[in-house]
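J.: A predicted structure for the sequence below; I have some questions about it.
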Amino acid sequence: MAAAWNFASPLSIEVLASNKFLFTVPLQSHVNRILQQAPWNIRGSLLLLQQWTPDLALDEINLHLCVFWVQVHGFPRQNMTSRNAVRIGKSLGSVLEIDHSNVEGPICRPICILGGN
């Protein structure tokens, strides 16, 4: 992570519990950048990040959901509609929104929340 987050120097990482770490970053703008560039992966494993506020206990932090852009390749162009984007997204999780930006015609892609309770 240090290489990917080299702009957030000095970065400190503290082990809090099994598979739970505290990343301390010097500036809120750096935190925002890291969170906006999520999801992150480390050696093929998903790294879920949540900004920790002092009023939360460690076990109150929700690390069960992750937001993903979903992009389907090889799908017939005439079928790339909002309706089909919702269908595909719902088969994977909850659909937050459909992206219509930077595309021409009926092409769209769903933004989905994937995870458990």
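T.: Perfect, thanks for sending it. No experiment lies behind these values; they were computed from the predicted model shown. Numbers count the residues shown, from 1 in each chain.

J.: Could you pull up phi and psi at the residue nearest the centre of the chain?
T.: For the chain, P39 is the residue whose C-alpha lies nearest the centre (Cα atoms, centre = their mean; 3.6 Å). Main-chain torsions, P39, degrees, to the nearest 10: phi -80, psi 150.

J.: Tell me who's in contact with it.
T.: P39 makes contacts with 46-48, 66-68, as judged by Cβ atoms under 8 Å, 6 or more residues apart in numbering. In short, each C-beta sits where N, CA and C put it, glycine included.

J.: Reformat these into TSV and put distance to K90, secondary structure and neighbour count next to each item.
T.: Below are the contacts of P39 laid out as TSV (distance: Cβ to Cβ, whole Å; DSSP: H, G, I helix; E, B strand; the rest coil; neighbours: other Cβ atoms under 10 Å):
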residue	distance to K90	secondary structure	neighbour count
L46	21	strand	14
L47	26	strand	15
L48	22	coil	16
C66	16	strand	17
V67	15	strand	14
F68	14	strand	18
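
J.: any idea which of those is closest to A17?
T.: Using Cβ to Cβ, L48 comes nearest to A17 of those, at 13.9 Å.

J.: I'd like the distance between the closest residue in space to the closest one that isn't next to it in sequence and S82.
T.: With sequence-adjacent residues excluded and distances taken as Cβ to Cβ, 6 or more residues apart in numbering, L48 is closest to L63, at 4.5 Å. Separation of L63 from S82 (Cβ to Cβ, to the nearest Å) stands at 31 Å.

J.: before we move on, what about F75?
T.: From F75 across to S82, the span is 13 Å (Cβ to Cβ).

J.: how long is stretch 51-63 end to end?
T.: 11 Å (Cα to Cα, to the nearest Å).

J.: what's the offset of that stretch from the middle of its chain?
T.: Relative to its chain's centre, stretch 51-63 lies at 18 Å (Cα atoms, centre = their mean, to the nearest Å).
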